[in-house]
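A.B. asks: Provided below are the primary sequence and the corresponding predicted coordinates.
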Amino acid sequence: MAATIFLLGLLQVVGGALVAFAAKSAIHEILGAVAFGLGVISAALGIIIAKIDDYVKSR
């Protein structure tokens, strides 16, 4: 599950960057920035879930 969330976060980061770079208006730039930021948060969440899972398994 953690790997899936991490990969989806990375896809969102890439998609947000592509939208931001190809933006034709300010709305598209904002959409790209928000998608990029939420993708970073999603990728970090995947890493945190993996760390918690490793900690629980080691106990």
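C.D. replies: Structure received.

A.B. asks: Could you use CA atoms for every contact and neighbour count after this?
C.D. replies: Will do.

A.B. asks: my guess is residue 45 contacts residue 5, does it?
C.D. replies: Yes. Counting by Cα atoms under 8 Å, residue 5 is a contact partner of residue 45 at 7.4 Å.

A.B. asks: Looking at this structure, which helix is longest?
C.D. replies: helix 26-58 (DSSP state H).

A.B. asks: Not counting residues beside it along the chain, what's closest to the most centrally placed residue in the chain?
C.D. replies: Nearest to the geometric centre of the chain sits residue 39, at 2.0 Å (Cα atoms, centre = their mean). Once flanking residues are discounted, residue 39 sits nearest to residue 9: 4.2 Å by Cα to Cα, 6 or more residues apart in numbering.

A.B. asks: If we go by neighbour counts, what in the host helix or strand of residue 9 is buried?
C.D. replies: Using DSSP states H and E, residue 9 sits in helix 2-21. Going by neighbour count (16 or more other Cα atoms under 10 Å), the buried part of helix 2-21 is 2, 5-17, 19-20.

A.B. asks: Who are the packing partners of that helix?
C.D. replies: helix 26-58 (3 or more Cα pairs under 8 Å, 6 or more residues apart in numbering; DSSP states H and E).

A.B. asks: name the helices or strands packed onto the helix it packs on?
C.D. replies: Using 3+ Cα pairs under 8 Å, 6+ apart: helix 26-58 touches helix 2-21.
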